[in-house]
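Participant: need the 3D shape of this:
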Amino acid sequence: MPLIAPARLKVDPNFTDPRVLVHYAQRSGFAELFPGGEPAVRLGERDFAVYVPVMNMRTIAKGTQSGYNELPSVSLVADTITTPTYEQKIRVEYSREDLNAAGNWGLSLAQAYSTGMRQGHFQLLRDAALFGFNPQNGEGLLNAQQGTVRDNLPADSKGNTTLDAYDAGELYQFLLHLIQSQLVRCNLTQPSGQYNIGGEPVKVRLLMPQRILALLTTKIVQLTSYQRIGAGTQSVMQAVIETMKAANVDVLAAPDDELMGRGTNGTDAVIATIPELPKRNGLSTFDTNAFGDEFGQSNTDCNALYVDRSVPAEITGPIGAEATDVVSFMRTTSGWALRGEATTILSVPVSTSGVFSSAH
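Facilitator: As a prediction, the model looks like this:
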């Protein structure tokens, strides 16, 4: 990493603002797609793969007034799914002259490099979570295959296809339908149309480019011939959040511009997912999901991203007589859709007219 800290001339007397204009990168919300809103720190530094056991149970039952010579039985099929791990590394070198030059600008070079390496690791971790290290192998949530639903935003009743011109009320109804479809696929419906009634809320997380999130949070649900939630007062996203809150569903939308152009035919991609299944009990003692509800080591994660540490490790050593070498590293998997039915990849066309380019 180069250090460009040139000498400079100043007019004296002067006032030098002690504050520094620092480059700001986008704060991605990718971690919200995973259980607990963060990667799972479970790997060992030497682990080269992750294995998740799968148990599939099927029952056959019969009822009759006479006996059977051959009784129906229970079928248990054990299997394992796996994904590889990858080691991320970043290296910096600096000399005594670099330290002095940085000091002239009031900069702690060692701290700046350490922070920069940490940011680089987390940006690469975001790419691994969304796109994977080897996308051709189905790594990354955006490339998940088995069970994952892919959909396109249809034209509204007036023929508008881009989000900018889309009817706000119809967009609100479409997003509700998308979320409801995910809940049904994951068997999370409950009596009276409630979801996980009386327990912890079902978490639904949406990740999208900033320009889509900005439109969803500024498009106001219009007044209609009947009173709709948020009509005339709330944005599309507000109305969706409030509607689903009444059904005990916690909806959160987060930004990430790396999803721009990642949808079908160059459209923007939106990832909608349920990161983990809520803890639940059967509706009665006659539980038709007894095996799933009572299995002691049940894994309720729908998505997974494993790492070996929450902060990258650093090893510092000397180079010659007056230089320093720092290596930063951590181990991670790609984003992994354990239950593909919990995720929907939505392709959304957005007009690029009047859209400013953003720094990444």
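
Participant: how far off centre is the longest helix out of those in the chain?
Facilitator: As assigned by DSSP state H, the longest helix anywhere in the chain is helix 109-131. Relative to its chain's centre, helix 109-131 lies at 17 Å (CA atoms, centre = their mean, to the nearest Å).

Participant: quick one: low-confidence residue ranges for the stretch 251-360 of the chain.
Facilitator: Counting by pLDDT under 70, the stretch 251-360 of the chain has low-confidence residues at 281-283, 353-360.

Participant: for it, just list every one of the strands.
Facilitator: Ranges of strands within the stretch 251-360 of the chain are 268-273, 303-304, 306-307, 313-319, 323-333, 336-337, 343-348, based on DSSP state E, counting those that start in this stretch.

Participant: buried residues in the fifth one, which are they?
Facilitator: It stands for strand 323-333. Buried residues in strand 323-333, counted by 16 or more other CB atoms under 10 Å: 324, 326-333. Heads up, the C-betas are built off the backbone N, CA and C, glycines and all.

Participant: same check on the fourth one?
Facilitator: Along strand 313-319, the positions that meet the burial threshold by neighbour count (16+ other CB under 10 Å) are E314.

Participant: ok, that strand: who's next to it in the sheet?
Facilitator: Strand 313-319 has its sheet partners listed here by DSSP bridges as strand 323-333 (antiparallel).

Participant: let me know the angle separating the partner strand from helix 109-131.
Facilitator: Here the directions of strand 323-333 and helix 109-131 differ by 20 degrees (axes from the mean of the first three to the mean of the last three CA atoms, to 10 degrees).

Participant: follow-up on the earlier one: relative to G138, which of the strands of the stretch 251-360 of the chain is closest?
Facilitator: Among those, strand 336-337 comes nearest to G138, with 8.6 Å by CB to CB.

Participant: contacts for that closest one?
Facilitator: Contacts with strand 336-337, where a contact means CB atoms under 8 Å, 6 or more residues apart in numbering, come from 50, 83, 139, 141, 144, 146-148, 302-306, 343.

Participant: dump the strands of the stretch 251-360 of the chain into CSV; add distance to V236 as well.
Facilitator: Formatted as CSV, the strands of the stretch 251-360 of the chain follow (distance: least, CB to CB, whole Å):
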stretch, distance to V236
strand 268-273, 13
strand 303-304, 25
strand 306-307, 34
strand 313-319, 43
strand 323-333, 34
strand 336-337, 26
strand 343-348, 13
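
Participant: mind listing what's buried in the helix or strand where L215 lies?
Facilitator: In the assignment (DSSP states H and E), L215 maps to helix 210-216. Neighbour counts over helix 210-216 (16+ other CB under 10 Å) mark 211-213, 215-216 as buried.

Participant: contacts for it?
Facilitator: For helix 210-216, using CB under 8 Å, 6+ apart, the contacting residues are 26, 163-164, 171, 208, 235-237, 253-255, 257, 260, 268, 270, 348, 350, 355, 358.

Participant: what's the closest of the strands of the stretch 251-360 of the chain to S157?
Facilitator: Closest to S157 of the strands of the stretch 251-360 of the chain is strand 343-348 (CB to CB; 17.4 Å).

Participant: next one: stretch 7-18 to chain centre, how far?
Facilitator: 45 Å.

Participant: CA atoms only: put it into PDB for me.
Facilitator: Presented in PDB, the C-alpha positions along stretch 7-18 are these (Å, rounded to 0.1, in the frame of the first residue of the first chain):
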ATOM      1  CA  ALA A   7       5.500  18.100   1.900                       C
ATOM      2  CA  ARG A   8       3.400  21.300   1.600                       C
ATOM      3  CA  LEU A   9       3.700  25.100   1.900                       C
ATOM      4  CA  LYS A  10       1.400  27.200   4.100                       C
ATOM      5  CA  VAL A  11       0.800  30.900   4.300                       C
ATOM      6  CA  ASP A  12       1.500  32.200   7.800                       C
ATOM      7  CA  PRO A  13      -0.500  33.300   9.800                       C
ATOM      8  CA  ASN A  14      -3.200  30.700   9.100                       C
ATOM      9  CA  PHE A  15      -5.800  28.500  10.600                       C
ATOM     10  CA  THR A  16      -5.600  24.700   9.900                       C
ATOM     11  CA  ASP A  17      -8.700  22.800  10.700                       C
ATOM     12  CA  PRO A  18      -7.800  19.800  12.900                       C
END
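
Participant: tell me which residues are up against that stretch.
Facilitator: Among residues not part of stretch 7-18, those counted as contacts by CB under 8 Å, 6+ apart are 104, 106.

Participant: can you show me the helices along this protein?
Facilitator: Going by DSSP H, the chain shows helices at 96-104, 109-131, 168-185, 210-216, 236-245, 290-294.

Participant: could you dump the buried residues of helix 210-216 into a markdown table and include pLDDT and distance to G199?
Facilitator: Output for the buried residues of helix 210-216, formatted as a markdown table (pLDDT from 0 to 100; distance: CB to CB, whole Å):
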| residue | pLDDT | distance to G199 |
| --- | --- | --- |
| R211 | 95 | 36 |
| I212 | 96 | 31 |
| L213 | 96 | 29 |
| L215 | 94 | 33 |
| L216 | 95 | 28 |
